[in-house]
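Enquirer: Whatever this is, show me its structure:
(chains A and B)
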Amino acid sequence: MKKPILILPCSGIGKSFGSIARDATFRVCDELRPGKADTLCLSLLVMGDEEARNRVSSSRCIVIDGCPLACSSNNVERSAGNIVAEFKVMDLLRENRGLKPREVTLLDEDGEKLSKLLADRIAAKVDELTEESD
Amino acid sequence: MNIKPKVGVVSCSGECCGLGTISRIATRLALEELYDETVTICLPLFLTGETQEHGFAKEHPTIAVDGCGKLCAKKAITKYSKDPVDSVDVEALLKKWGVDPPEDRRVLKGKDLENAKRVAKLLTEKVEKIQGVS
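Expert: Predicted structure coming up:
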């Protein structure tokens, strides 16, 4: 079986962007494309955990950033990760101005809708990348 | 008027398993309860070396909330600021309580959400103790 594509979301905790990024990641890894996609703790990677760094440097990575500080992209780059696709929650919000996620702790209806939209896009990207390597 | 000191809470959002989700949800619930008295900081952002975040934890009492025994939050605060005044290890806490870790890492429901609320209550008590309320 091929190595799963790693998805690394922002873990932002102050606004809903991080919650949406995480939620979408789990949808893809656990529900939409189990086995084809996986994730790991961003904090563990940033702490310099050797196993996490090895996984990132030897995998194709999809990063999801919540805010312009781009913690996910920056830290995957620092760990010599191969970023094959990048998603930004802020871009998704701009495209869907009618959706206004307000809850951070437990996503509200708009947050859930954005998470589903993002998850579908990530899943499509996972399919594309998987087909390319077949 | 007795001004309560602001307390920082740095939580793991560990994406590897549901323990990170409990840490994150519990921290957010405590934050909602103690609005205006607590500040939370994204762990990856804290780790990437933003001086503002490190400065806050140097100047204010800070609690680390970790999902697992790797203790990323506790180690990060100690490394970049100073020792946290208190900490929570969710994995150890759940073992002590005799409850199972959550199976779903995306959405906490039922007993898993109740466990997150129980951790949040403990966290709230720790914050109040630091503030000299309890």
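
Enquirer: tell me which parts of chain A are close to chain B?
Expert: With Cβ under 8 Å from any Cβ of the partner chain as the criterion, chain A comes near chain B at residues A:8-14, A:18, A:22-23, A:25-27, A:30-31, A:39-44, A:46-47, A:49, A:69, A:71-72, A:74-75, A:104-106. Using the backbone N, CA and C atoms, a C-beta is placed for each residue, glycine as well.

Enquirer: Could you rerun that using 7 Å?
Expert: Contact residues, chain A versus chain B (Cβ under 7 Å from any Cβ of the partner chain): A:9, A:11-14, A:18, A:22-23, A:25-27, A:30, A:39-44, A:46-47, A:69, A:71, A:74-75, A:104-105.

Enquirer: ok, how many other residues are close to the nearest residue to A:Lys15 once chain neighbours are set aside?
Expert: Nearest residue to A:Lys15, sequence neighbours excluded (Cβ to Cβ, 6 or more residues apart in numbering or on different chains): A:Val104, at 6.2 Å. A:Val104 has 23 neighbours, counted by other Cβ atoms under 10 Å in any protein chain shown.

Enquirer: Now the phi/psi pair for A:Val104, please.
Expert: Geometry field for A:Val104 lists phi and psi as phi -100, psi -40, criterion degrees, to the nearest 10.

Enquirer: any chance you could map the helices in the chain?
Expert: Answering for chain A, as no chain was given. Listed in chain order, the helices of chain A (DSSP state H) span A:16-26, A:42-46, A:50-57, A:71-78, A:89-95, A:109-133.

Enquirer: wait, I meant chain B there
Expert: Using DSSP H, helices in chain B cover B:18-33, B:43-47, B:51-59, B:72-80, B:90-97, B:110-131.

Enquirer: Deepest in the core, which of those is it.
Expert: Using mean count of other Cβ atoms under 10 Å in any protein chain shown, the stretch among those with the largest mean neighbour count is helix B:43-47, at a mean of 28.

Enquirer: list the helices and strands it packs on?
Expert: Helix B:43-47 is packed against helix A:42-46, helix A:71-78, strand B:7-11, helix B:72-80, with contacts defined by 3 or more Cβ pairs under 7 Å, 6 or more residues apart in numbering or on different chains; DSSP states H and E.

Enquirer: Repeat the analysis, applying 10 Å as the threshold.
Expert: helix A:42-46, helix A:71-78, strand B:7-11, helix B:18-33, helix B:51-59, strand B:62-66, helix B:72-80 (3 or more Cβ pairs under 10 Å, 6 or more residues apart in numbering or on different chains; DSSP states H and E).

Enquirer: In CSV: those, plus mean pLDDT and distance to A:Ala123.
Expert: Formatted as CSV, the helices and strands packed on helix B:43-47 follow (pLDDT from 0 to 100; distance: least, Cβ to Cβ, whole Å):
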stretch, mean pLDDT, distance to A:Ala123
helix A:42-46, 91, 20
helix A:71-78, 92, 18
strand B:7-11, 93, 28
helix B:18-33, 95, 21
helix B:51-59, 80, 33
strand B:62-66, 96, 31
helix B:72-80, 92, 28
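
Enquirer: Tell me which of those approaches B:Leu94 most closely.
Expert: helix B:18-33 (7.6 Å; Cβ to Cβ).

Enquirer: between the closest one and strand B:7-11, how big is the angle?
Expert: Interaxial angle, helix B:18-33 versus strand B:7-11 (axes from the mean of the first three to the mean of the last three Cα atoms, to 10 degrees): 160 degrees.

Enquirer: Rounded mean pLDDT for stretch B:98-111, please.
Expert: Averaged across stretch B:98-111, the pLDDT comes to 95.

Enquirer: Buried residues in that stretch, which are they?
Expert: B:101-102, B:105-108 (16 or more other Cβ atoms under 10 Å in any protein chain shown).

Enquirer: That stretch vs chain A: in contact?
Expert: Yes: judged by Cβ under 10 Å from any Cβ of the partner chain, stretch B:98-111 and chain A are in contact via B:104-108.

Enquirer: Let me see the contact set for residue 5.
Expert: By default, I'm working from chain A. For A:Ile5, the contact set (Cβ atoms under 10 Å, 6 or more residues apart in numbering or on different chains) comprises A:28-29, A:33, A:36-39, A:59-62, A:84-85, A:122, A:125-126, A:129-130, A:133.

Enquirer: try chain B instead
Expert: Neighbours of B:Pro5 in contact, by Cβ under 10 Å, 6+ apart: B:37, B:60-61, B:127, B:130-132.
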